[in-house]
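S.K.: My questions concern the predicted model and sequence given below.
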Amino acid sequence: MNRNTTTAITSLADYDTHHKFKSEILNGLSEEPKHLLSKYFYDKKGDELFQQIMNMPEYYLTDCELEIFTGKKRELANAIRAFDEPFDLVELGAGDATKSSHLLEYLVEQNADFTYMPIDISANIISILEENLTSKIPELKMTGLNGEYFEMLDKANEISSRRKVILFLGGNIGNMEIEEAYEFCNALKSKLNPNDILLIGFDLKKNPHTILAAYNDKAGITASFNLNLLDRINEELDADFKTNQFKHYQTYDPLSGACRSYLISLEDQSVHIEEEEVNFKANEAIYMEISQKYSKKEVDIMARKTGFKPLKQISDTKGWFVDAIWKV
C-alpha cells in the first residue's frame, strides 16, 4: 500500500500524530509479550464497528447503563448537584453520546445552567456529535474537544473556570489494568478542584459466561474490531499485515475480574511496518485490550484511595452495572 497516496502528511501536527502512532505501535510490538494500545482501535471504521458492538444483544453494558440514564435522570442530576450553580459537563470519550444525551435533554428541560464539553480522540466522532446534538437539542450549549483526555481537560479549564462535572461512562475505566486505573484517577483528580464531581461507570463482576459472551460474540464483530487495528496500521504506516493470518482470542478470569483480548498469529510470519520488520512465531499472542470488572466494594475503595469521596452508586435493575458519583 502506498502511504504517500493514502495518508498524506500535510502539516506539522499531522507529522507529530503520525510519528507518535508509529512509535507506539513499534514499541508495543517490540516488547515481550507484544501488545497494542486499544486507544488506536478508533479510526472511522473502528468507530463504526464499536457502534455495532454496542448494539449486539450479548453486549449488555450498553443496555444496563442506558437504563440508568433513561430511568434515573433525576437521581443523576441531583447526585451531580446540577441545579446548585453553573457548571461544565465534561464527557471523556463521548462517542455518540447515546447515554449522556438523555441526561443532557433532561438538564436543558430543567433549565440547568451548564455547557456540555465532549472530549474524544476521534475527530470524526466529535464532528458527528456536534451535528447530531445541535439538531436534537437546539438549546444545548456545547464545545467539542478533539484530543487526549487530560490535554483536553486542561483546555476545558482554560476555556472556563466553572465547576466541573466529569462523565466517564461505558465502563471505560475497565480498559485499564487496575494499577493504571488508580493512576488515571489520581491524575484526573489533580486536574480538578474541590467539590468538582466525577460520574464514572463500572461494569460489575457477574456470571462469567455472561461476560465472556459480551466480548466473544458469535457474529464476530468484536474480532473484526480487533483485527481492524491491523488494517489501520497497514493503511497509515505502509504495513503488510495479513489479517487472515491472525485470529481473535478472548479470556475472562472470574476471580481477578480481568477480561482480556488477544490476536493470535496462526503461523511463523514477518510483517513490515514502513522500514521496520516485526517477526511473529506461530501461536504468538498480541495483547490487545483488557476489560476489567469490579465489585461495588472495590469501586468505593478506588474512590477513597485516589482522593475522592464516594457519594452514591446508581445501578441498573439487574445490578450488573453501576454509575458511581465521586466528589473531590
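M.R.: That came through fine. Since this is a predicted model, take the numbers as computed values, not measurements.
S.K.: who's in contact with Phe29?
M.R.: Check again: residue 29 is Leu, not Phe. Shown in contact with Leu29 (CB atoms under 8 Å, 6 or more residues apart in numbering): His35, Leu36, Ile273, Val278, Ile286. For every residue, glycine as well, the C-beta is placed using N, CA and C.
S.K.: Which helix or strand contains it?
M.R.: helix 12-30 (DSSP states H and E).
S.K.: Can you tell me what sits against the next helix or strand after that helix?
M.R.: Downstream of helix 12-30, the next assigned helix or strand under DSSP H and E is strand 34-35. With contacts defined as CB under 8 Å, 6+ apart, strand 34-35 is touched by Gly28, Leu29, Phe280, Glu284, Ala285, Ile286, Tyr287, Met288.
S.K.: Quick check: bridge partners of the closest residue to the fifth one other than its chain neighbours?
M.R.: Looking back up the chat, that one is Ala285. Nearest non-adjacent residue to Ala285, counting by CB to CB, 6 or more residues apart in numbering: Tyr262, 4.4 Å away. Beta bridges link Tyr262 to Tyr249, Tyr287, judged by DSSP bridges.
S.K.: and the closest residue to Lys309 other than its chain neighbours, bridged to which residues?
M.R.: Nearest residue to Lys309 in three dimensions, chain neighbours excluded: Lys327, at 4.8 Å (CB to CB, 6+ apart). In this entry, Lys327 is beta-bridged to Ile197, Lys309, by DSSP bridges.
S.K.: any chance you could map the strands in the stretch 51-200 of the chain?
M.R.: 87-92, 114-120, 145-146, 163-168, 197-203 (DSSP state E, counting those that start in this stretch).
S.K.: Of these, which is nearest Phe21?
M.R.: Between Phe21 and the strands of the stretch 51-200 of the chain, the shortest separation by CB to CB is 15.5 Å, and it involves strand 145-146.
S.K.: Specify the residue positioned farthest from the middle of this protein.
M.R.: Asp268 (32.5 Å; CA atoms, centre = their mean).
S.K.: For His248, see how far away that one is.
M.R.: 19 Å (CB to CB, to the nearest Å).
S.K.: likewise Gly307?
M.R.: 38 Å.
S.K.: again with Phe41
M.R.: Per CB to CB, Phe41 is found 13 Å from His248.
S.K.: give me the number of residues near the residue nearest to Lys309?
M.R.: 18 (other CB atoms under 10 Å).
S.K.: Test my guess that it contacts Phe308.
M.R.: Yes - counting by CB atoms under 8 Å, Lys327 touches Phe308, with 6.4 Å between them.
S.K.: Need the residues touching each of these two.
M.R.: If you check Lys327 and Phe308 against CB under 8 Å, 6+ apart, the residues they both contact are Leu198.
S.K.: tell me the contacts of the residue nearest to Lys309?
M.R.: Contacts of Lys327 by CB under 8 Å, 6+ apart are Asn195, Asp196, Ile197, Leu198, Phe308, Lys309, Leu311.
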